[in-house]
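Peer 1: Sequence first, predicted coordinates after that:
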Amino acid sequence: MIEKPKVFKSPKNIAATRKRMCLICGNRTQVQCHHIISVGAGGGDNEWNLMSLCVTHHAEWHHNGKRSFVRKYYSHVLRWLVWQGWEVGKDGTITRKGGARIDKKVTESLRRVPNSKLYR
């Protein structure tokens, strides 16, 4: 049996993220943490990996899928990524120092957004 790698867990970061407002609508009630790199894919509770979303927007991310969500809320998501220290390469890859890389689906979604100044 192959053992899963241990991921960084931080109840402190989870609690701090839940105290913030929703990245999309600014709602301060029922805020949940969304892992950019899922726990199953090795993403931990690092501050740069936790996005604050209200219950509605968190459900929308998971129900409609990340591509749809990122296209719809492009400016909010991109601003948050840059603020958290993610780097967007000229080829559209989104990475972080230390080798963390965002899912190709999110990268492709950001690349295909109409009128995106980032990819002209």
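Peer 2: Yep, it's here.

Peer 1: make it CA atoms for all contacts and neighbour counts henceforth
Peer 2: Noted.

Peer 1: ranges for the strands of the protein?
Peer 2: Secondary structure of the chain (DSSP state E): strands at 31-35, 50-54, 87-88, 94-95.

Peer 1: So, low pLDDT: which residues of this protein?
Peer 2: For the chain, applying pLDDT under 70 flags the ranges 1-6, 90-93, 97-120.

Peer 1: what's the spacing between the most centrally placed residue in the chain and residue 89?
Peer 2: The residue lying closest to the centre of the chain (C-alpha atoms, centre = their mean) is residue 36, at 3.4 Å. Separation of residue 36 from residue 89 (C-alpha to C-alpha, to the nearest Å): 18 Å.

Peer 1: Next: residue 14.
Peer 2: 29 Å.

Peer 1: The two: who's more crowded?
Peer 2: A side-by-side neighbour count of residue 14 and residue 89, using other C-alpha atoms under 10 Å, places residue 14 first with 19 against 11.

Peer 1: My guess is residue 9 contacts residue 45. True?
Peer 2: Yes: Residue 9 is within contact range of residue 45, at 5.1 Å (criterion: C-alpha atoms under 8 Å).

Peer 1: The two: who's more crowded?
Peer 2: Counted by other C-alpha under 10 Å, residue 9 and residue 45 do not tie: residue 45 has more neighbours, with 23 against 13.

Peer 1: Wait, that one touches residue 15, no?
Peer 2: No: if you go by C-alpha under 8 Å, residue 45 and residue 15 don't touch, sitting 10.5 Å apart.

Peer 1: Give me the common contacts of those two.
Peer 2: Here residue 45 and residue 15 have no joint contacts, going by C-alpha atoms under 8 Å, 6 or more residues apart in numbering.

Peer 1: which one is residue 54 nearest to, not counting chain neighbours?
Peer 2: Nearest non-adjacent residue to residue 54, counting by C-alpha to C-alpha, 6 or more residues apart in numbering: residue 31, 4.2 Å away.

Peer 1: Contact partners for that neighbour?
Peer 2: Residue 31 makes contact with 18-22, 52-55, according to C-alpha under 8 Å, 6+ apart.

Peer 1: ok, now with 10 Å
Peer 2: Residues near residue 31 by C-alpha atoms under 10 Å, 6 or more residues apart in numbering: 17-23, 51-58.
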